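**Student:** the following block contains a protein sequence and its predicted model.
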Amino acid sequence: MIRLLMVLGEGGHSKEMLTLVDLLGDGYEYAYLLTHEDPLSAAKIQRPGCIYRVIRPRSKDDPAWVATGKLVLCLLQSLVVLLRAWPDAVISSGPAVAIPISFWAKLCRRSVIFVETGSRVQHLSLTGRLMRPLADLFFVQWPALQSEHPRAIYAGRLF
């Protein structure tokens, strides 16, 4: 059975990924990656799977030295998660926590699938711009983004 590690983020990112899980159905073994700071997403998971938590790699108000420390810690925690879950693919829709786990996934020759969040209509998010070189498959939810980024795949909206 194919193992998928779904990266959830607070709010819309989780909604998009959980909608994708529902669309994909029961033919996969799911695991979920969330930040410690996200108390709500785990309660919304409908399909069973291991839940892993890491520190959020950055917050908007963090000074540079705090953000650097959090990023290093998130990188280490993400490596442990990847080795424990050992997914065939990591799938994300754009929270910052997607970058460290995707970095390790690429190094370990796991597939990385990125779905740009539906709220990005004309320009990629910062995470989207950083994920473009990491992603094996890069989906956008608006045709305008696909014409701006020809390597992207437009497959419609998740919701």
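**Tutor:** Nice, I can see it.

**Student:** let me see the contact set for residue 112.
**Tutor:** Going by CB atoms under 8 Å, 6 or more residues apart in numbering, residue 112 touches 89-90, 102, 105-106, 131, 134-137. To be clear about C-beta, it is placed using only N, CA and C from the backbone, and glycine gets the same treatment.

**Student:** report the beta-bridge partners for it.
**Tutor:** Listed beta-bridge partners, residue 112: residue 90 (assigned using DSSP bridges).

**Student:** list the contacts for the most centrally placed residue in the chain?
**Tutor:** The C-alpha lying nearest the average C-alpha coordinate of the chain belongs to residue 92 (CA atoms, centre = their mean; 2.3 Å). Applying CB under 8 Å, 6+ apart, we find residue 92 in contact with 6-7, 9, 13, 17, 98, 101-102, 113-115, 131.

**Student:** in helices only, show me those residues.
**Tutor:** 13, 17, 98, 101-102, 131 (DSSP state H).

**Student:** quick one: buried residues of the helix or strand of the chain with the lowest mean pLDDT?
**Tutor:** Least confident helix or strand, the chain: helix 143-148 with a mean of 76, by mean pLDDT, DSSP states H and E. By neighbour count on 16 or more other CB atoms under 10 Å, the buried set for helix 143-148 is 145-146.
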